[in-house]
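Colleague: got a structure for you, letters missing:
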């Protein structure tokens, strides 16, 4: 197993640690959980960079990397719903999009079509990560200014979630035989 894949697996292993830290009864537990979340999120950038730089892109990496991302983000969003920080319908929408696009990519792959990440998809990911970090840190950076930046980024990420999902399906509708013939 190459280094990028090991880094990706470390992200998967950080998910239960993140969850435990979120629940552990110590002062500032969400801050510590947020730090673990940031470290895990940074591994996504690192493993991708190393895989491309060293030409170590593998089928295992193509499978486990998006899975690790979805596990981390979904775990964080579900915990934030449970804590009352965000509404459940937002998380259902985000997770439904992830399932939909993952299924769509599986169908495309079975047809020999690779659906690359779009710029909208990348904005979705970035805004989701920022929203989650702000939510985990209880909007600490903006609360003194009375700016609900955590909620603002949550809804910006929701918009990019819906738009990028539509964009993936529309641009690749031929894969599902949805295009006009």
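Modeller: That came through, no problem. Owing to the predicted nature of the structure, the values given are computational and were not obtained by experimental measurement.
Colleague: how does this protein divide up, domain by domain?
Modeller: With domains defined by automatic domain parsing, the chain comprises 1-84, 87-181.
Colleague: which stretch in these is the model least sure about?
Modeller: Mean pLDDT per stretch puts domain 87-181 lowest among those, at a mean of 90.
Colleague: Could you list the buried residues of whichever strand or helix holds residue 46?
Modeller: Following DSSP states H and E, the helix or strand that holds residue 46 is helix 29-53. Neighbour counts over helix 29-53 (16 or more other C-beta atoms under 10 Å) mark 30, 32-37, 40-41, 43-44, 47-48, 50-51 as buried. All C-beta atoms are positioned from the backbone trio N, CA, C, and that covers glycine.
Colleague: what do you get for stretch 161-178?
Modeller: Neighbour-count burial for stretch 161-178 [16+ other C-beta under 10 Å]: 161, 163, 164, 165, 167, 168, 169, 172, 175.
Colleague: And those residues, which two are furthest apart?
Modeller: Greatest spatial distance among the buried residues of stretch 161-178 (C-beta to C-beta): 161 and 175, at 20.3 Å.
Colleague: Tell me which helix or strand comes right after the helix holding residue 46, heading toward the C-terminus.
Modeller: By DSSP H and E, the next helix or strand past helix 29-53 is helix 59-82.
Colleague: what about that following helix, distance to the chain center?
Modeller: 6 Å (C-alpha atoms, centre = their mean, to the nearest Å).
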